[in-house]
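**Student:** Any chance you can model this:
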Amino acid sequence: MRDVGGLPDNTPCEHPFAKSMCSLASAFSFELFMGHYVDCLKIVKQAGTQSYPEISRNMIKGKGLIGVLDGFVPWGAVQACMKGWSFGIGHAQAKVMFNKSGFSKSNPRVSEVMAGGIGGVAQGIMMGPLLLLKTRVVTDPSYRASGGFLQTGIMSAQIGVKVVKTEGPLALTKGLPVFTAKRGADWTTRFLFVEMCESIAKGGDEKKKLAPSVKYACAVAGGTISAFSTLPLDVIVAMQQSANSSGEKTSALQLVKNQYAAGGMSGVLSFGTKGLVARVVHVSLTTLVMKELSSVMYNAYAATQSTRVVASASGGKAASSAVAKL
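**Tutor:** Numbering: from 1, shown residues only. Modelled structure (predicted):
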């Protein structure tokens, strides 16, 4: 990946709060309509031994299609909002910092990758406890045993109190160090591979503007490559936070040792690639949503604001001219 040239002096910075709200809206919409279901498939697959069809059947057999949203209310919804907001504000704030220091101008690609990693770390710190609560819901079969969508949501809302009472407040941070490191690695590698794919698509001409469809394809491709590179960490987090490990204090290293003792190197490799298909689908689409579609939303917002400013300025000049003629 080469850094050729820099950003023009008049390149505007993204407003951190506005960008975070665009990221929040993008993430929530994606998780509601598809992301949550795919993420649940991945979590249950990583924490257990069921096949994808079995997991899907268990989701819907008691409640119908609405069962795929078990765990979405409230923790999945809160997590989706926090995922988008924390990443958006961390990423945009890092870009503002790099822009002010001049780093973005001299190293535009590197600064973009680093900003993505910083956004990922912010996301990991803020989202970890919420992911644990959602993981407990989707890996605990009692939540699918009876009751409708509303009842499951009420039961899910109470799990936070249950975890604190039975395991202590620090239980909410189980897997947090690994998860935070993983999120930083996730978004660093996602942005890195997307930038590499875009560089290849430009064919060495760094000034070439890519069509939106090409940028979207690069985002999906970069997310896919990233998913392969960070999958073992993802499996470790799911194992640490699952319902089966409630009350247990198991380090990431101990989990790997247990897998090696049970099945040797083949057991470790099998453990490290659990949930691969769902992981790749979720990560590639998340990268598309958070890197490209949230930017499309922000650019639309920025264009609207710019139009309002121009219209206001034009109106002010017209009023001044009218007064001058009187």
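**Student:** Helices along this structure, start to end?
**Tutor:** 16-30, 36-47, 52-60, 77-101, 103-106, 108-139, 149-157, 159-167, 176-201, 212-241, 252-272, 276-287, 294-325 (DSSP state H).
**Student:** The second one packs against which elements?
**Tutor:** This means helix 36-47. Judged by 3 or more CB pairs under 8 Å, 6 or more residues apart in numbering; DSSP states H and E, the packing partners of helix 36-47 are helix 52-60, helix 108-139, helix 212-241, helix 276-287. The way it works is simple: take the backbone N, C-alpha and C, and place the C-beta from them, glycine included.
**Student:** For residue 191, which of those is the nearest?
**Tutor:** Residue 191 sits nearest to helix 108-139 of all those, at 3.3 Å, using CB to CB.
**Student:** quick one: that closest one to helix 212-241, angle?
**Tutor:** Angle, helix 108-139 to helix 212-241, by axes from the mean of the first three to the mean of the last three CA atoms, to 10 degrees: 50 degrees.
**Student:** buried sites along helix 108-139?
**Tutor:** Using 16 or more other CB atoms under 10 Å as the test for burial, helix 108-139 gives 108-139.
**Student:** ok, back up a step: can you add mean pLDDT and distance to residue 302 and give the helices and strands packed on helix 36-47 back as TSV?
**Tutor:** Shown next, in TSV, are the helices and strands packed on helix 36-47 (pLDDT from 0 to 100; distance: least, CB to CB, whole Å):
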stretch	mean pLDDT	distance to residue 302
helix 52-60	91	40
helix 108-139	89	18
helix 212-241	85	16
helix 276-287	93	22
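**Student:** Next, format those as TSV and append distance to residue 66.
**Tutor:** Shown next, in TSV, are the helices and strands packed on helix 36-47 (distance: least, CB to CB, whole Å):
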stretch	distance to residue 66
helix 52-60	8
helix 108-139	14
helix 212-241	24
helix 276-287	20
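**Student:** Quick check: which of those helices is nearest to residue 14?
**Tutor:** Comparison of the helices and strands packed on helix 36-47 against residue 14 by CB to CB identifies helix 108-139 as nearest, at 9.9 Å.
**Student:** that older thread, so which of the helices and strands packed on helix 36-47 gets nearest residue 97?
**Tutor:** Comparing these by CB to CB, helix 108-139 comes nearest, at 8.5 Å.
**Student:** on that earlier part again, I'd like the helices of the chain laid out as TSV, including distance to residue 71.
**Tutor:** TSV is the format used below for these (distance: least, CB to CB, whole Å):
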stretch	distance to residue 71
helix 16-30	15
helix 36-47	6
helix 52-60	10
helix 77-101	9
helix 103-106	39
helix 108-139	4
helix 149-157	6
helix 159-167	10
helix 176-201	17
helix 212-241	12
helix 252-272	23
helix 276-287	15
helix 294-325	24
